[in-house]
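In: sequence plus the predicted model coming up.
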Amino acid sequence: MRRGRQLGTLVTLVVCIQLAAALLATDQTDGDSPGYHIFGLVESPGDYEWTNGMTVRDAIRAAGGYARGGSRDELQIQRIVDGRIVSLVATEADGVQPGNVIMVRAPAVGRNRRLTCSTRR
């Protein structure tokens, strides 16, 4: 049981590092249009140009749609708020802001809680 818990902690740490790197990359301004990053179970993860009024559904569509195993019930948006990474459970109808990182995961099996790097209080 201890080894499984350590593996879960390691996976969470790796995801947090990926989120931080993506947020820092999308937070940099080089004169280009604002963008967002999408990763996880989408066909073409990566950086995309943000447009006003964009929703998570639009972002997933721009990334080629859900990859096999991706779930519309397992969406998260990460953003930097007051210098901290905040992770929010999302729906396809939620708005996307410049610099957001969207994560698409597989359906939760046998879990009651979602792991996040930080929560807003």
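Out: Nice, thanks for sending it over. Numbering: from 1, shown residues only.

In: identify the residues contacting the helix or strand containing Arg61?
Out: For Arg61, the element it lies in under DSSP states H and E is helix 56-62. Helix 56-62 is contacted by residues 36, 38, 42, 48, 51, 66, 75, 77, 90-96, 102, 104 when judged by CB atoms under 8 Å, 6 or more residues apart in numbering. Yep, even glycine has a C-beta here, placed from its N, CA and C like the rest.

In: mind running it again at 6 Å?
Out: For helix 56-62, contacts defined as CB atoms under 6 Å, 6 or more residues apart in numbering pick out Ile38, Val42, Tyr48, Leu75, Ala90, Glu92, Asp94, Val96, Ile102.

In: okay, the residues you listed in CSV with neighbour count and secondary structure next?
Out: Formatted as CSV, the contacts of helix 56-62 follow (neighbours: other CB atoms under 10 Å; DSSP: H, G, I helix; E, B strand; the rest coil):
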residue, neighbour count, secondary structure
Ile38, 24, strand
Val42, 21, strand
Tyr48, 19, strand
Leu75, 22, strand
Ala90, 22, strand
Glu92, 14, coil
Asp94, 17, coil
Val96, 25, coil
Ile102, 24, strand
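
In: now render these as a markdown table, adding distance to Gly83 and pLDDT.
Out: Shown next, in a markdown table, are the contacts of helix 56-62 (distance: CB to CB, whole Å; pLDDT from 0 to 100):
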| residue | distance to Gly83 | pLDDT |
| --- | --- | --- |
| Ile38 | 23 | 96 |
| Val42 | 28 | 96 |
| Tyr48 | 24 | 97 |
| Leu75 | 24 | 95 |
| Ala90 | 21 | 96 |
| Glu92 | 29 | 97 |
| Asp94 | 22 | 97 |
| Val96 | 21 | 96 |
| Ile102 | 21 | 96 |
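
In: of these, closest to Ala108?
Out: Ala108 has its nearest neighbour among those in Leu75, at 11.8 Å by CB to CB.

In: could you give the bridge partners of the closest one?
Out: Ala90, Val104 (DSSP bridges).

In: confirm for me that it is in contact with Ala90.
Out: Yes. Leu75 is in contact with Ala90 according to CB atoms under 6 Å; the separation is 4.2 Å.
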